[in-house]
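Undergrad: Quick one: sequence and predicted model below, then my questions.
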Amino acid sequence: MGSWLGHTAPGTFFITGAIWWMIQLSYHKYRDNHQAQCRLIRYLSQKPVEGISIVVVALVGVFGENMHPAPKWRLFDAVTGDFVHMNVWQHCTMYVYFGLYGMIKIIGQAYVPKLLKYSTVFLSLAFGIEGLLFYYHVHGHDDLDIHIHMLLVLAAFGCCILAFLEFRFPDEPIYRLTRILFTMVQGTWFWMIGTVLYQPPSGKKWSPDDHENLMFLTTAFTWHVLVSMGVLTIIYHIVRKCMICMGHQQKSGMPIQYQELANSSNQRGVEHIGLLETAELGSDLE
């Protein structure tokens, strides 16, 4: 991971995961409110596509870390007995725990449905391990490297806590939504780390001792949160509009947009009847 590609690859993984989770959340939220169905999203949600994708990405990450640019499968030097390639093994450990989450998703959806509700616990564990590894990942590095990784650690531990709260309170969508938000932030921030440390736009390496750089990184992190909120909001509205435009039917057989209009008209009718009954009751009393 000590390269631009090594940071942007997991960043893309987190961004893709956040987008998929947001599509799922938007779909289920809209489906529950309007009793509408989308065959494609429903099919992908029922099959272990997500779990398989995560396992594949985890395997690619493990093999990529150990094989690029040269094989690094040794944990210690056979001559000196010293540990070697510990950065690589830390990154591989992170991928393994997310791969474990993917395996739980596969087993839960394909073989043991009761296990599926505990998958969020393993997701919380994966985020927690990620945060722990990166907290000690930059020991002895310069201030710039430490600061930019500590902001990533904040997002990782935030996802860990939110995923556990999501497991404890499954009927509260705010925990899931916020966890998706900080997953997206992790993805964009991985890209930020790779850009700042390995491919700065100016072509000039950032000064590790300049306090202004550290202040800017903190400010930029909050911008990443803001932009991620905007992106997730756009995704929600796109999913909603797509389901309306595709004309999904409600149980009554009426298109969603007309059903909403009918419900509104029915509500006004009920209110009108209530007023008439009140007026008649008043006349009887007189």
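TA: Arrived safely, thanks for sending.

Undergrad: Which parts of the stretch 151-286 of the chain are helices?
TA: Ranges of helices in the stretch 151-286 of the chain, per DSSP state H, counting those that start in this stretch, are 173-198, 211-245, 256-285.

Undergrad: Lowest average pLDDT across these?
TA: Averaged per stretch, pLDDT over the helices of the stretch 151-286 of the chain is lowest on helix 256-285, reaching a mean of 49.

Undergrad: Could you export stretch 86-93 as PDB, CA atoms only?
TA: Coordinates of each C-alpha in stretch 86-93 appear next as PDB, following Å, rounded to 0.1, in the frame of the first residue of the first chain:
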ATOM      1  CA  MET A  86       5.200  -5.700   8.300                       C
ATOM      2  CA  ASN A  87       3.500  -2.900   6.400                       C
ATOM      3  CA  VAL A  88       2.400  -5.500   3.800                       C
ATOM      4  CA  TRP A  89       1.200  -7.900   6.400                       C
ATOM      5  CA  GLN A  90      -0.800  -5.200   8.100                       C
ATOM      6  CA  HIS A  91      -2.600  -4.300   4.900                       C
ATOM      7  CA  CYS A  92      -3.200  -8.000   4.200                       C
ATOM      8  CA  THR A  93      -4.700  -8.400   7.700                       C
END
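
Undergrad: Buried residues, it. List them.
TA: 88-92 (16 or more other C-beta atoms under 10 Å). All C-beta atoms are positioned from the backbone trio N, CA, C, and that covers glycine.

Undergrad: Give me the subset of these that lies in strands.
TA: In strands, defined here by DSSP state E, there are no members of the buried residues of stretch 86-93.

Undergrad: Which residue is the nearest non-sequential neighbour of Ile19?
TA: Ile235 (6.5 Å; C-beta to C-beta, 6 or more residues apart in numbering).

Undergrad: Next, count neighbours for the one you found.
TA: 20 (other C-beta atoms under 10 Å).

Undergrad: Quick check: it vs Asp210, distance?
TA: To Asp210, Ile235 is 36 Å away according to C-beta to C-beta, to the nearest Å.

Undergrad: returning to what we had before: just the buried residues of stretch 86-93 now: which is nearest Lys114?
TA: Taking C-beta to C-beta as the measure, Cys92 is the one of these closest to Lys114, at 30.5 Å.

Undergrad: Please verify my assumption that the residue nearest to Ile19 contacts Ser26.
TA: Yes. With contact defined as C-beta atoms under 8 Å, Ile235 reaches Ser26; the gap is 6.4 Å.

Undergrad: Find me the pLDDT at Ser207, would you?
TA: As predicted, Ser207 sits at a pLDDT of 89.

Undergrad: wait, what's in contact with it?
TA: Contacts for Ser207 (C-beta atoms under 8 Å, 6 or more residues apart in numbering) come out as 144, 213.

Undergrad: and what of the one 10 residues further on?
TA: Applying C-beta under 8 Å, 6+ apart to Leu217 gives the contacts 144, 147-148, 151, 192, 196.

Undergrad: Turn these into a markdown table, including neighbour count.
TA: Putting these into a markdown table (neighbours: other C-beta atoms under 10 Å) gives the following:
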| residue | neighbour count |
| --- | --- |
| Leu144 | 20 |
| His147 | 18 |
| Ile148 | 23 |
| Leu151 | 20 |
| Met192 | 22 |
| Val196 | 20 |
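
Undergrad: how about JSON lines for these, with distance to Ala18 added?
TA: Output for the contacts of Leu217, formatted as JSON lines (distance: C-beta to C-beta, whole Å):
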{"residue": "Leu144", "distance to Ala18": "26"}
{"residue": "His147", "distance to Ala18": "24"}
{"residue": "Ile148", "distance to Ala18": "20"}
{"residue": "Leu151", "distance to Ala18": "17"}
{"residue": "Met192", "distance to Ala18": "15"}
{"residue": "Val196", "distance to Ala18": "21"}
